[in-house]
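J.: fold the following.
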Amino acid sequence: MIEQRLEQLNATLAVDPTSIPALYERALWLAGDYIANDECLFDDHAQNYRQSLEDLDKIIELEPQNARAKYHKACIYFSLDIDDEEAESLLYTALELEPNYVDAMYKYAEVLTYNGENADHGVALMDRVIAIDPSSSAYMMKGIYLMGDAEYNFIICDIPQALDTLRLAITNFEHAINLDAEAHKEYGLEKIEECLAQIKENS
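T.: From the prediction side, this is the model:
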């Protein structure tokens, strides 16, 4: 099926090399699991990430305001460690162009907090996600970022704020479990126990 669809897309692009829908779909097929989100079309190994990047670059050239092409290019750059600085810039631009782009917010939060820093930015981004799509995953991620923020408050010796932040993290983990127990109960309960242990230790 994949090969057949790619042949169809190649034929379309042979006739019209500027067909953005065809370029976009081919880029998604060829990027494979280097773009890990709901639009990922092929969930095994990337077939040809170089061609995928060429297709995304062509879309950006034709349509500079295309936030999704910039987002997917950033994902490939991060996955393959091509250029993290450029990838972060692409993500930032994608969110400027499409402020409610949930997938880009998730990825940008991941990037900003990668080294255990900026957890408060992760929390803020998840608040934006929850306002648009209050999913169990968003509440789980907000809880995790809140735990990171609490850790920072412990470091600067703001114990009351750290404890309040941990309690808020527990609330978010509970929301996640209530929304999708099958997906999040085990990990959510584990995180709640960690929060409770830290609250007990520092109260």
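J.: export the host helix or strand of Leu166 as CSV, just CAs?
T.: Assessed by DSSP states H and E, Leu166 sits inside helix 159-179. Provided in CSV are the C-alpha atoms of helix 159-179 (Å, rounded to 0.1, in the frame of the first residue of the first chain):
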residue,chain,number,x,y,z
ILE,A,159,9.6,25.3,50.3
PRO,A,160,6.0,26.5,50.5
GLN,A,161,5.9,27.1,46.8
ALA,A,162,7.5,23.8,46.0
LEU,A,163,4.9,22.0,48.2
ASP,A,164,2.0,23.9,46.5
THR,A,165,3.4,23.0,43.1
LEU,A,166,3.6,19.3,44.0
ARG,A,167,0.0,19.3,45.2
LEU,A,168,-1.0,20.9,41.9
ALA,A,169,1.0,18.2,40.1
ILE,A,170,-1.0,15.5,42.0
THR,A,171,-4.3,17.2,40.8
ASN,A,172,-3.1,17.0,37.2
PHE,A,173,-2.1,13.4,37.5
GLU,A,174,-5.5,12.6,38.9
HIS,A,175,-7.2,14.4,36.0
ALA,A,176,-5.1,12.3,33.6
ILE,A,177,-6.1,9.1,35.3
ASN,A,178,-9.7,10.0,35.4
LEU,A,179,-9.7,10.8,31.7
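J.: for it, name the packing helices and strands.
T.: helix 136-155, helix 181-202 (3 or more CB pairs under 8 Å, 6 or more residues apart in numbering; DSSP states H and E). Heads up, the C-betas are built off the backbone N, CA and C, glycines and all.
J.: most packed of the ones you listed?
T.: With neighbours defined as mean count of other CB atoms under 10 Å, these peak in mean count at helix 136-155, which reaches a mean of 21.
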